[in-house]
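In: I'll drop the sequence and a predicted model, then ask my questions.
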Amino acid sequence: MRIALLGYGKMGKAIEKVALERGHEVVFKIDLNNSAEKQLIRKDNVDAVIEFSSPHSAYANLEFCMKNGLKTVCGTTGWLDARREIEQLCIQNKASFFYASNYSIGVNLFFKLNEFLAKLMAPHQQYEIFTSEIHHTEKLDAPSGTAITLAEGILNNNKTKKSWVNNQIASKEELAIWSSREGKVPGTHTIKYISEIDEIEIKHTAYTRMGFALGAVLAAEWLQGKEGVYGMNDLLSL
Ligand SMILES: NC(=O)C1=CN([C@@H]2O[C@H](COP(=O)(O)OP(=O)(O)OC[C@H]3O[C@@H](n4cnc5c(N)ncnc54)[C@H](OP(=O)(O)O)[C@@H]3O)[C@@H](O)[C@H]2O)C=CC1
Ligand SMILES: O=C(O)C1=N[C@H](C(=O)O)C[C@H](O)C1
């Protein structure tokens, strides 16, 4: 595949490494300082765009990709209020849009474990739920996209919780997500159910960014020949 990277920071560089190892070509590396070059990306010179930029850049990048009918894999977090608009543009322009808050295969299995545990624990109201995420100090958004997906997995399966709050004490109907930023942590997510007599904990710890990068390249490979809106459940048949 000929790949265009929109965003060439920590993730862009990790994706380039995986893409080259898997025999692909990286034909564009677009960052903030050469962002005008984005206009050169077309359906006939690029097979997949992989977008990992920043919360405030993602929408404009994705709007460009959708309007040009490009096959696009996006991992940027913190912009998802506008997700439906991008999905509509995708359909209107016969483009392809693949989104995941986390491309690691382990995290996507962890999402399923979280949903199963939430369902199991729902009748047992003596357990209070605590969720937390730790990331490196350069991360711009909080809570992490992964923590939001985990919170949604709990809310969908435990009807006593109506919404989530970030870094504040939660009421009985709210689920607290505690975010902290420490050193170079690639991403750690924990869910705890605590009662007066015991606790149950599930946790995912990313050791490096390479799992996210591999998942993004696998998604771009999988997207070839497909049109429409997709996510990791489609790729992994979960
Ligand atoms: N879904 C997933 O699995 C994962 C998602 N992420 C998410 O991906 C995003 C990027 O993460 P990360 O690589 O660590 O962040 P970095 O800050 O290391 O890299 C982001 C890069 O995007 C560039 N950029 C900013 N604006 C534009 C623009 N308009 N066009 C092109 N490039 C632009 C920045 O340039 P400059 O430095 O010049 O500002 C920077 O180099 C974040 O939202 C993060 O949460 C991260 C890991 C996994
Ligand atoms: O910014 C990061 O680094 C990460 N962002 C994603 C998120 O917000 O969930 C995925 C991963 O945890 C790393």
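Out: Happy to help now that I have it. Ligands and ions are numbered 1, 2, ... in the order given.
In: quick check: residues of the protein near ligand 2?
Out: T77, S101, N102, H135, K139, S144, G145, T146, G187 (Cβ under 6 Å from any ligand atom). C-betas here are computed from N, CA, C, even on glycine.
In: give me the distance between the two termini of stretch 158-172.
Out: When the termini of stretch 158-172 are compared using Cα to Cα, to the nearest Å, they are 12 Å apart.
In: list the buried residues of it.
Out: Using 16 or more other Cβ atoms under 10 Å as the test for burial, stretch 158-172 gives N158, K161, W164, N166, A170.
In: just those now: which is nearest M210?
Out: Nearest to M210 out of the buried residues of stretch 158-172 is N166 (Cβ to Cβ; 27.9 Å).
In: mind listing the strands for the protein?
Out: Under the criterion DSSP state E, the chain contains strands at 2-6, 25-30, 48-51, 71-74, 96-99, 128-135, 163-166, 174-181, 188-194, 199-205, 228-230.
In: contacting residues around the fourth one?
Out: When contacts are defined by Cβ atoms under 8 Å, 6 or more residues apart in numbering, strand 71-74 is touched by residues 47-52, 58, 62, 65-66, 95-99, 216, 219-220, 223-224, 226.
In: let's go with 6 Å and repeat that
Out: Around strand 71-74, the neighbours that count as contacts under Cβ atoms under 6 Å, 6 or more residues apart in numbering are 48-51, 65, 96-99, 216, 219-220, 223.
In: what distance separates it from the centre of its chain?
Out: 12 Å (Cα atoms, centre = their mean, to the nearest Å).
In: as a markdown table, the strands of the chain with mean pLDDT would be great.
Out: Shown next, in a markdown table, are those (pLDDT from 0 to 100):
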| stretch | mean pLDDT |
| --- | --- |
| strand 2-6 | 98 |
| strand 25-30 | 98 |
| strand 48-51 | 98 |
| strand 71-74 | 98 |
| strand 96-99 | 98 |
| strand 128-135 | 97 |
| strand 163-166 | 98 |
| strand 174-181 | 98 |
| strand 188-194 | 98 |
| strand 199-205 | 98 |
| strand 228-230 | 98 |
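In: domains of the protein?
Out: The chain is divided into the following domains under automatic domain parsing: 2-103+210-236, 105-205.
In: give me whichever of the ones you listed is most buried.
Out: Per residue and on average, the most neighbours among the domains of the chain fall to domain 2-103+210-236, with a mean of 19 (mean count of other Cβ atoms under 10 Å).
In: show me what contacts E133?
Out: Shown in contact with E133 (Cβ under 6 Å, 6+ apart): P143, S144, A147, S179, H189.
In: before we move on, back to that, can I get the domains of the chain in JSON lines with distance to ligand 1?
Out: Formatted as JSON lines, the domains of the chain follow (distance: least, Cβ to the nearest ligand atom, whole Å):
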{"stretch": "domain 2-103+210-236", "distance to ligand 1": "2"}
{"stretch": "domain 105-205", "distance to ligand 1": "6"}
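In: nearest spatial neighbour of E63, skipping sequence neighbours?
Out: Distances taken as Cβ to Cβ, 6 or more residues apart in numbering put L89 closest to E63, at 6.4 Å, once the chain neighbours are dropped.
In: could you name the residue of this structure that is farthest from its center?
Out: Distance from the C-alpha centroid of the chain peaks at I197, with 35.0 Å (Cα atoms, centre = their mean).
In: pLDDT at that residue, what is it?
Out: For I197, the pLDDT comes out at 98.
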